[in-house]
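[1] Take this sequence and fold it.
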Amino acid sequence: MTRQESVKIAAVQAAPVAFDLAESLKKVDHFSEEAAGQGAELVVFPEAFLSAYPWRYAFDSTIGTREPRGRQWYAKYYDSAVAIPSPEFAILQQSAEKHKINISIGIIEKNGATLYCTALLIGKDGQLLSRHRKLIPTGVERLVWGRGSGDSLKVVDVGFGKIGGLICWENYMPMARMALYQLGVDIYLAPNADDLPAWTATMQHIAKEGRCFVINVNQFCKVSDFPTDYPPFLPESHDRNPEGLPWKPDDIVNHGGSCVVGPLGTFVAEPVWDKEEVIYATLELSKLTEARMDFDPVGSYARPDIFSLSVNTKPGLNVNFQDS
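    From the prediction side, this is the model:
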């Protein structure tokens with residue numbers, strides 16, 4: 001089968017309407033339509049785009065204490081999350097099918113009483129191709145998100161390449177990266193919430209290490225993207241902006257830094273900071289083979305006689321029902 005020579009992708013550096021699932025879904029459809037109109041075959045949204053990364057808020061939880069206000073905001077967060085299946089998930093599927101574009105999107109997924117930080121890949125026919133739950137939430141994220149399991153470490157061949165990826169600081173887990181390399185990832189998706197300069201270097205390292213394209217996509221968001229009564233940004237909050245003053249609507253909460261990196265670690269699209277933008281890049285797929293001429297992390301450099309990695313791909317279930 002003859003494979004296509006290149007593919008155009010879109011990385012959406014934008015913010016959702018935080019805690020408002022219906023309005024955030026409208027933004028997904030808007031950006032998907034725009035990307036498809038520009039000829040993109042894959043559109044990638046940031047971590048927790050549906051429908052909030054709860055910046056600077058631990059839901060009033062401390063060790064040994066949970067306050068009533070925090071429980072109320074957690075309930076809002078839960079209500080703005082996405083169940084699979086659900087009418088809201090069906091809207092995502094319809095966007096992909098209507099615009100004939102593959103959609104990768106970070107969601108807060110609700111399953112039973114638990115929330116997960118999840119990355120979805122939906123095919124241009126509207127079918128769910130993969131669902132990856134963050135293996136280990138970072139820092140205080142662990143208070144509100146559950147842990148994923150090894151069954152979601154996978155890549156999917158969508159015709160122009162094998163797509164996989166990890167969420168935010170999972171990318172600092174060498175063995176998780178190695179699992180994706182072994183599966184042959186070509187287009188590595190990295191939805192995240194890290195706007196520090198060192199993160200860009202991480203993306204370049206992974207691209208060069210894995211000999212793959214890396215799509216690094218982060219939100220650009222401001223205080224005004226959150227409800228006016230969101231606790232961290234209230235004037236009486238102990239939290240303060242970088243100037244040490246109460247937060248103002250135009251203050252930037254996350255600076256972005258989205259970019260696209262080629263398989264030798266060089267930029268296909270340079271990082272974009274401090275603005276909303278859809279970043280387009282054309283991936284020349286022959287560059288994958290060219291880059292692997294002298295390095296392959298699971299081939300010539302793997303040394304399986306010395307090193308080995310075992311991955312448990314069983315679903316993380318603690319209750320299994322069996323017919324007697």
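
[2] quick one: the helices in the stretch 101-250 of the chain?
    Here the stretch 101-250 of the chain has its helices, by DSSP state H, counting those that start in this stretch, at 174-182, 197-210.

[3] For Ser6, which of these is the nearest?
    When these are compared by CB to CB, helix 197-210 sits nearest Ser6, at 17.0 Å. C-beta coordinates here come from the backbone N, C-alpha and C atoms, glycine included.

[4] buried set for that closest one?
    For helix 197-210, burial by neighbour count (16 or more other CB atoms under 10 Å) applies to Trp199, Thr200, Thr202, Met203, Gln204, Ile206, Ala207, Lys208, Glu209, Gly210.

[5] Do you know the pLDDT at the nearest residue to Trp145 once chain neighbours are set aside?
    Leaving aside its sequence neighbours, Trp145 sits nearest to Pro137 (CB to CB, 6 or more residues apart in numbering; 4.3 Å). pLDDT, Pro137: 97.

[6] is the residue nearest in space to the middle of the chain in a bridge, and if so with what?
    Closest residue to the average C-alpha location of the chain: Pro191 at 2.8 Å, with CA atoms, centre = their mean. Beta bridges link Pro191 to Val217 when assigned by DSSP bridges.

[7] Please tell me I have it right and it contacts Met203.
    No - with contact defined as CB atoms under 8 Å, Pro191 does not count as touching Met203 (11.7 Å).

[8] Give me the below-cutoff pLDDT ranges for this structure.
    Across the chain, the ranges flagged by pLDDT under 70 are 1-2, 324.

[9] Could you pick out the longest helix of it?
    helix 21-37 (DSSP state H).

[10] Flag every buried residue along that one.
    Neighbour counts using 16+ other CB under 10 Å place Leu21, Ser24, Leu25, Lys27, Val28, Asp29, Phe31, Ser32, Ala35, Ala36 of helix 21-37 among the buried residues.

[11] show me the contacts for the fourth one.
    Think Lys27. Residues near Lys27 by CB atoms under 8 Å, 6 or more residues apart in numbering: Ala14, Pro16, Val17.

[12] if we go to 6 Å?
    Neighbour list for Lys27: empty [criterion: CB atoms under 6 Å, 6 or more residues apart in numbering].

[13] re the thing from before, from Phe295, how far out is the residue nearest to the centre of the chain?
    When CB to CB, to the nearest Å is applied, the distance between Pro191 and Phe295 equals 26 Å.

[14] just to revisit the earlier point, the residue nearest to Trp145: how many residues sit nearby?
    Other residues near Pro137 come to 22 when the count uses other CB atoms under 10 Å.

[15] Count residues in the vicinity of Lys110, would you?
    The burial count assigned to Lys110 is 19, neighbours taken as other CB under 10 Å.

[16] Surely it is in contact with Ser86?
    No - counting by CB atoms under 6 Å, Lys110 sits too far from Ser86 to count as a contact (8.8 Å).

[17] Next one: the residue nearest to the centre of the chain from Gly39, what distance?
    22 Å.

[18] Help me confirm that Ala75 is found in a helix?
    Yes - assessed with DSSP: H, G, I helix; E, B strand; the rest coil, Ala75 lies in a helix.
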